[in-house]
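Colleague: Sharing a sequence plus its predicted fold:
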Amino acid sequence: MVLGIIIFNVVMYAVQLTAGEGYFRLFALTANEYGGPKLWSFLTYSFLHSPENIGHIVGNMIGVFFLGRALLPDLGEKRFVQLYLSSVVVGGFFWYIVSFASGSLAVVGASGAVFGLITCFGLMYAEQDIYLMMVLRMKAKILMYISLGIAAFGLIFLELLNGTGVAHSAHLGGMLGGYLFYKLIYLRNPKSGRNDTFKIPNWLKQNPSKPRATAYPYKVNIAPPKDMKKEVDRILDKINSQGFGSLTAEEKKILDEAGDLLKKR
């Protein structure tokens, strides 16, 4: 699914380079003064990019690839697409509202989606260590806060006060879309996407060398102890309030043990 989104973006960009101004006006998100907006452009603007700067699409697609690869195992394909599109649409609407004050005429690019992915990743795996640019080590939530600070600063001091060409409002709106997805969709059932059609490659699994449980020709009726049931309830409450990424290694182990007991019933 991640590769599908990347390929579609690249194809749309290639068509954009050859189709001319009419194609741009048809699919870009434009202000009233520039012939827009059209209803579909709140989505399609994300599949166009700056024709003068190839780094625009390259940077966005790198972000989609790495963040998508990290999020897919827990979200599944359907909810990942929901997250991506939510970030795009909310980012587009937020830019359009701000355009009345900033004077911006058009916006293109998947940056709003990338900022939405960063937000959801930071909320789901808040305490997980990551390496920014494969060098700088930080918590996932710190990356989210840095992105929020850059987007808010750019919106106020660059887009609104100086009228620069970068659509920081779309970035901030994308983060809002990622936050709404996390709160309204993901937290309602954190595990629902794991049985989606996406199959996790062995090299992405946390413990690929972990031996599989032996299958026996009989069933054992084993109920989890009361203390474990209370502990599992506490951990599920923690997931609902703080996200799966906030769990300690011991808490994840308890969930695995409880799942094994239920399978043996």
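Modeller: Okay, I see it. Residues are numbered from 1 along each chain as shown.
Colleague: just checking, next helix/strand downstream of the one helix or strand residue 172 maps to?
Modeller: Using DSSP states H and E, residue 172 sits within helix 168-181. Later in the chain than helix 168-181, the nearest helix or strand by DSSP H and E is helix 226-242.
Colleague: The very next helix or strand once past that following helix versus helix 226-242: what angle between them?
Modeller: Following helix 226-242 in sequence order, the next helix or strand is helix 249-263 (DSSP H and E). Relative orientation of helix 249-263 and helix 226-242, computed by axes from the mean of the first three to the mean of the last three Cα atoms, to 10 degrees: 120 degrees.
Colleague: average pLDDT for helix 249-263?
Modeller: Across helix 249-263, pLDDT averages out at 74.
Colleague: Which strands and helices lie in contact with that helix?
Modeller: In terms of contacts (3 or more Cβ pairs under 8 Å, 6 or more residues apart in numbering; DSSP states H and E), helix 249-263 is packed against helix 226-242. For glycine as for every other residue, the C-beta is placed from the backbone atoms N, C-alpha and C.
Colleague: Give the buried residues for the helix it packs on.
Modeller: By neighbour count on 16 or more other Cβ atoms under 10 Å, the buried set for helix 226-242 is 231-232, 235, 239.
Colleague: Nearest to residue 68 among the residues you listed?
Modeller: residue 239 (21.7 Å; Cβ to Cβ).
Colleague: now that closest one, nearest residue through space, not along the chain?
Modeller: What sits nearest to residue 239 in space, not counting adjacent residues and going by Cβ to Cβ, 6 or more residues apart in numbering, is residue 190, at 5.3 Å.
Colleague: list the contacts for that neighbour?
Modeller: By Cβ atoms under 8 Å, 6 or more residues apart in numbering, the residues touching residue 190 are 74, 239-240, 243-244.
Colleague: ok so, going back, for the buried residues of helix 226-242, work out which two are farthest apart.
Modeller: Comparing all pairs in the buried residues of helix 226-242 by Cβ to Cβ, the longest separation belongs to 231 and 239, at 12.9 Å.
Colleague: quick one, what contacts residue 191?
Modeller: Under the criterion of Cβ under 8 Å, 6+ apart, residue 191 has no contact partners.
Colleague: Could you number the chain from 245 rather than 1 from now on?
Modeller: Will do, 245 is the new start, and the previous item becomes residue 435.
Colleague: and it, how far is that from residue 320?
Modeller: Using Cβ to Cβ, to the nearest Å, residue 435 is found at 10 Å from residue 320.
Colleague: same question, residue 383
Modeller: 25 Å.
Colleague: Counting neighbours, go ahead and name the busier of those two.
Modeller: Legend: neighbour count by other Cβ atoms under 10 Å for residue 383 and residue 320, higher for residue 320 (20 against 16).
Colleague: Three-state assignment for the more buried one, please.
Modeller: Using DSSP: H, G, I helix; E, B strand; the rest coil, the structure places residue 320 in helix.
Colleague: so which pair among the contacts of residue 434 is furthest apart in space?
Modeller: The span of the contacts of residue 434, defined through Cβ to Cβ, is set by 318 and 484 at 14.4 Å.
Colleague: and which of the contacts of residue 434 is nearest to residue 362?
Modeller: Among these, residue 487 lies closest to residue 362 (Cβ to Cβ), at 14.3 Å.
Colleague: Burial check on the closest one, number of neighbours?
Modeller: Neighbours of residue 487 (other Cβ under 10 Å): 22.
Colleague: what's near enough to touch it?
Modeller: Contacts of residue 487 by Cβ under 8 Å, 6+ apart are 367-370, 426, 430-431, 434.
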